[in-house]
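**Student:** After the sequence you'll find the predicted model.
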Amino acid sequence: MLKINAISKTFFPNTVNEVGALNNVSLTIKEGCFTAIIGTNGSGKSTLLNAIAGTFIPDQGSILLNETEISAWPEYKRASLIGRVFQNPFAGSAAEMTIAENIIMAMRRGQSRPLRLAVNAAVKEEIAEKVRMLKMGLEDRLDNPIGTLSGGQRQALTLLMATWLKPKLLLLDEHTAALDPKSAAKVAELTKHIIEKENLTALMVTHSMQQAVDLPDRIVMMHRGQIVEDYRDEMKKRVRVPDLIETFNRVQKRELFDESVAAMLQQQYI
Amino acid sequence: MQLIQEQLGKYFVIKAIGKLDASWADYFAETCLDLIRNGHHNLIIDADELNFLSSAGIRSLLRINKELHSVKGSFLIVHAQDFVVKTIEMTGFKHWISKDFPKELLALKSDHSFSSAQVDEGSFVLNPSGSLTLSVVADWQPWNTVKAENISKLHFPASVFALGIGSAADSPEEARSHFGEFVAVGGHVIFQAPEAKSRPDYLLAEKDFIPQMQAIQALYCNGEMSHLFRFSPDEKNAFFGLSDISEKALSITKCNAAAFVVLAEVDGLVGANLIQSPGLLKNNGIIPFPEIREWLSFCGERVFSGYQAMVFGVVTRNGAFEKMPLLASLPSNPELSGHFHAAVFPYQPLQNGKIDLIQNVQKLLSGPPPQALMHLADDNRPAIGLGQSSLIRGACWCAPIQNMEGIL
């Protein structure tokens, strides 16, 4: 279970570039819950993911993963518990290494890794069996450098690698945004399949309203560093893309309601 | 496929060249449906050079025919080649086929002095003695606390046109936490619960059922509409502001106070709605910014372009009535004061010419549900104001307000 207690983060404090990226954000995600985070650009979605991953330490608040306080842990230490897939399909794997070698690295995440990685027949068979699940024919190309694959194939493998050891938490940061529509749909389908099969706790940042409706169990909407809407249980089952757009509109309408509007409505709302 | 369009008198002729098959059916249908939306309700397809018609093409013709049927328009296919005639006949739509253009159109074609005049302009007297009695039956003023004596139970028979703030709850106490804007036309009431996430709901008059509301604010008009006028864009006006429509309603009814119902396609609406019931107010007085945002939602930009609005409004020329409550001065036309509520629906075409208000309101309410209900505002903030609400094409039923009753 992930428990975020009132975390805040201000970048460039006391300068003209000061940005209040997270403002007292609290969120609890039960074990096995797949949650999407949506929001406008600059709303704090990726910042929240980065705070959880340990890219930076929040100014205040705490983060607990499976009841262990990880707020002060450095990023590399959290990596033993957290799997991540980034927007850039080339970010989660080593291009010069083969598919098998990349996967072996992922298989030994959190363990000491010798300089020479043994890719023996038994390990290869184990890898091939899991890669076959992707239904991309990559099980026959395990010795090819991963850099020779398409973005979609590489992102699918990155997803497989990030979940190989069943992380306590999976963070997906717009992981289909840089893919062509067909590959994006395939990776989205794989994401749902793997998360369900492994019963993973996952947080996914996405700009795709349709993905937010179709894939997760819960949708959290952020705006200006705060959570402004939380669709879960029956609400989540009922919600459709137009409802999410309507909620975005409502949040933006509230923002456009300034003092001049209040003064105008004093005359006009009678 | 190529489509050549030409307006000829009341007819709009579309010459279809090429194949009407699965690849082109949607394009063809959308083009024709756009024409219907723009008020062209008598379509003729000149099929002289149409050299293929598939089942998908037939489906597109059916869509067009259905839309035209809903606005009592007409649909003809002329000069069709034999196989097109056979295909259409086999599918049971023989009545679409005509060998040639209608006679009056042929006469126009030979007379090149024809110009593409507006198909549907004009105004109609519905009942020369039609008029409305206005009652201000509840006059809650923002943002006073709501006392029990501020709440009135209103009935909405077919002769009533009203707007205000109320609740469909049974008792005043139940209603207290549910007061939101409403608009009532011809016995049908559309109301909005005061919640940011809620959609409007409605009560429809059926048989012996007469809708009722607990209201804290209501401009309640009883009587009959006297006039109908139609409006549609021309070279001078691409759209019509609410103050233009108000002015026209006052001039056509030859009165300084009038009420009107408009059914029209929206260019843009500007307004606000309650998101918390005034029944929950603890103190009297103006709610300052930013707390006011917890009570009212403002549209923030011109909204619902392309939707269909049903607007009910009461408008007076300044000085018509002294101490008339619930009317705000219209900055777009400072001579006028008014109060307008709009219910917003997905677009539905209106038949041209003289049409019946109640029938069209019922038709609107039998379609997809309303999307919003707004108290319309005339936003004249310098530089950043959104202006007034405006409409593109539609119909306005209006009547003079001859008598005033109630709280004045």
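**Tutor:** Here it is on my side, so go on.
**Student:** which element is residue B:87 on?
**Tutor:** Taking DSSP states H and E as the definition, residue B:87 sits inside helix B:82-90.
**Student:** ugh, wrong one, residue A:245
**Tutor:** helix A:241-256.
**Student:** Name the residues that touch that helix?
**Tutor:** A:38, A:40, A:209-210, A:212-213, A:219, A:221, A:223, A:228-229, B:196-197, B:293, B:297-301 (C-beta atoms under 8 Å, 6 or more residues apart in numbering or on different chains). The C-beta positions use only the backbone N, C-alpha and C, and glycine is treated the same way.
**Student:** for stretch A:148-163, same thing?
**Tutor:** A:83-86, A:89-93, A:99, A:102-103, A:105-106, A:130-131, A:133-134, A:136, A:138, A:146, A:170, A:172, A:175-176, A:178-180, A:182-184, A:186-187, A:190-191, A:194-195, A:198, A:200.
**Student:** Can you dump the C-alpha atoms of it in CSV for me?
**Tutor:** Presented in CSV, the C-alpha positions along stretch A:148-163 are these (Å, rounded to 0.1, in the frame of the first residue of the first chain):
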residue,chain,number,x,y,z
THR,A,148,17.2,-2.4,-33.2
LEU,A,149,13.5,-2.6,-32.0
SER,A,150,10.7,-0.2,-32.7
GLY,A,151,9.6,2.2,-30.0
GLY,A,152,6.5,0.2,-29.3
GLN,A,153,8.4,-3.1,-29.0
ARG,A,154,11.0,-1.5,-26.8
GLN,A,155,8.4,0.1,-24.5
ALA,A,156,6.6,-3.3,-24.2
LEU,A,157,9.9,-4.9,-23.1
THR,A,158,10.6,-2.1,-20.7
LEU,A,159,7.2,-2.7,-19.1
LEU,A,160,8.0,-6.4,-18.9
MET,A,161,11.4,-5.6,-17.3
ALA,A,162,9.9,-3.1,-14.8
THR,A,163,7.4,-5.7,-13.6
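**Student:** what separates that stretch from the chain centre, distance-wise?
**Tutor:** 15 Å (C-alpha atoms, centre = their mean, to the nearest Å).
**Student:** now the strands: where do they sit in chain A?
**Tutor:** A:2-11, A:19-29, A:34-39, A:60-65, A:68-69, A:82-85, A:169-173, A:202-205, A:218-223, A:226-231 (DSSP state E).
**Student:** what about the closest residue in space to residue A:9 that isn't next to it in sequence, distance to residue A:38?
**Tutor:** The shortest distance from residue A:9 to any non-neighbouring residue, by C-beta to C-beta, 6 or more residues apart in numbering or on different chains, is to residue A:22 (4.3 Å). Using C-beta to C-beta, to the nearest Å, one obtains 16 Å as the distance from residue A:22 to residue A:38.
**Student:** Please name the nearest non-neighbouring residue to residue 130.
**Tutor:** Assuming you mean chain A. Using C-beta to C-beta, 6+ apart, the closest residue to residue A:130 is residue A:160 (6.4 Å).
**Student:** Let me rephrase: I mean chain B.
**Tutor:** Nearest one to residue B:130, counting by C-beta to C-beta, 6+ apart, is residue B:226 at 3.2 Å.
**Student:** Tell me which residues of the helix holding residue A:245 come out buried.
**Tutor:** A:243-244, A:246-248, A:250-251, A:253-254 (16 or more other C-beta atoms under 10 Å in any protein chain shown).
**Student:** Which of those residues sits closest to chain B?
**Tutor:** residue A:253 (4.1 Å; C-beta to the nearest C-beta).
**Student:** Next secondary structure after the helix or strand where residue B:263 lies?
**Tutor:** Of the helices and strands defined by DSSP H and E, residue B:263 is found in strand B:257-268. Remark: after strand B:257-268, the chain's next helix or strand is strand B:271-274, criterion DSSP H and E.
**Student:** Please name the strands paired to that next one in the sheet, noting orientation.
**Tutor:** Strand B:271-274 sits in its sheet next to strand B:296-298 (antiparallel), strand B:372-376 (antiparallel), going by DSSP bridges.
**Student:** Grab the most central residue of the chain for me.
**Tutor:** Just going to use chain A. Nearest to the mean C-alpha position of chain A, by C-alpha atoms, centre = their mean, lies residue A:172 at 2.3 Å.
**Student:** think we crossed wires, I meant chain B
**Tutor:** Taking C-alpha atoms, centre = their mean, the centroid of chain B lies closest to residue B:263, which sits 2.1 Å from it.
**Student:** who's in contact with it?
**Tutor:** Residue B:263 sits next to B:308-310, B:350, B:357, B:360-361, B:364, B:394-395 when contact means C-beta under 8 Å, 6+ apart.
**Student:** and residue A:40, what does it touch?
**Tutor:** A:223, A:248, A:252.
**Student:** and the least confident of the residues you listed?
**Tutor:** Lowest-confidence member of the contacts of residue A:40: residue A:252, scoring 88 (pLDDT).
**Student:** For that residue, give its distance to residue B:303.
**Tutor:** With C-beta to C-beta as the criterion, residue A:252 and residue B:303 are 12 Å apart.
**Student:** Residue B:205: what's its closest spatial neighbour, skipping adjacent residues?
**Tutor:** Of all residues not flanking residue B:205 in the chain, residue B:187 sits nearest, at 3.2 Å (C-beta to C-beta, 6+ apart).
**Student:** Enumerate every residue touching that neighbour.
**Tutor:** Applying C-beta under 8 Å, 6+ apart, we find residue B:187 in contact with B:156-158, B:160, B:204-205, B:210-211, B:358.
**Student:** what angle separates the helix holding residue A:245 from strand A:218-223?
**Tutor:** Helix A:241-256 and strand A:218-223 are oriented at 30 degrees to each other (axes from the mean of the first three to the mean of the last three C-alpha atoms, to 10 degrees).
**Student:** Tell me the gap between helix A:241-256 and the middle of its chain.
**Tutor:** Distance of helix A:241-256 from the chain centroid (C-alpha atoms, centre = their mean) equals 23 Å.
**Student:** Alpha carbons of it, in PDB - could you do that?
**Tutor:** Only the C-alpha atoms of helix A:241-256 are listed here, as PDB (Å, rounded to 0.1, in the frame of the first residue of the first chain):
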ATOM      1  CA  VAL A 241     -14.500  10.700 -21.100                       C
ATOM      2  CA  PRO A 242     -17.100  13.600 -21.400                       C
ATOM      3  CA  ASP A 243     -17.400  13.500 -17.500                       C
ATOM      4  CA  LEU A 244     -13.600  14.000 -17.200                       C
ATOM      5  CA  ILE A 245     -13.600  16.800 -19.700                       C
ATOM      6  CA  GLU A 246     -16.500  18.400 -17.900                       C
ATOM      7  CA  THR A 247     -14.500  18.200 -14.600                       C
ATOM      8  CA  PHE A 248     -11.500  19.800 -16.300                       C
ATOM      9  CA  ASN A 249     -13.800  22.600 -17.600                       C
ATOM     10  CA  ARG A 250     -15.200  23.000 -14.100                       C
ATOM     11  CA  VAL A 251     -11.700  23.400 -12.600                       C
ATOM     12  CA  GLN A 252     -10.700  25.800 -15.200                       C
ATOM     13  CA  LYS A 253     -14.000  27.800 -14.900                       C
ATOM     14  CA  ARG A 254     -13.300  28.200 -11.200                       C
ATOM     15  CA  GLU A 255      -9.900  29.600 -12.000                       C
ATOM     16  CA  LEU A 256     -11.400  32.100 -14.400                       C
END
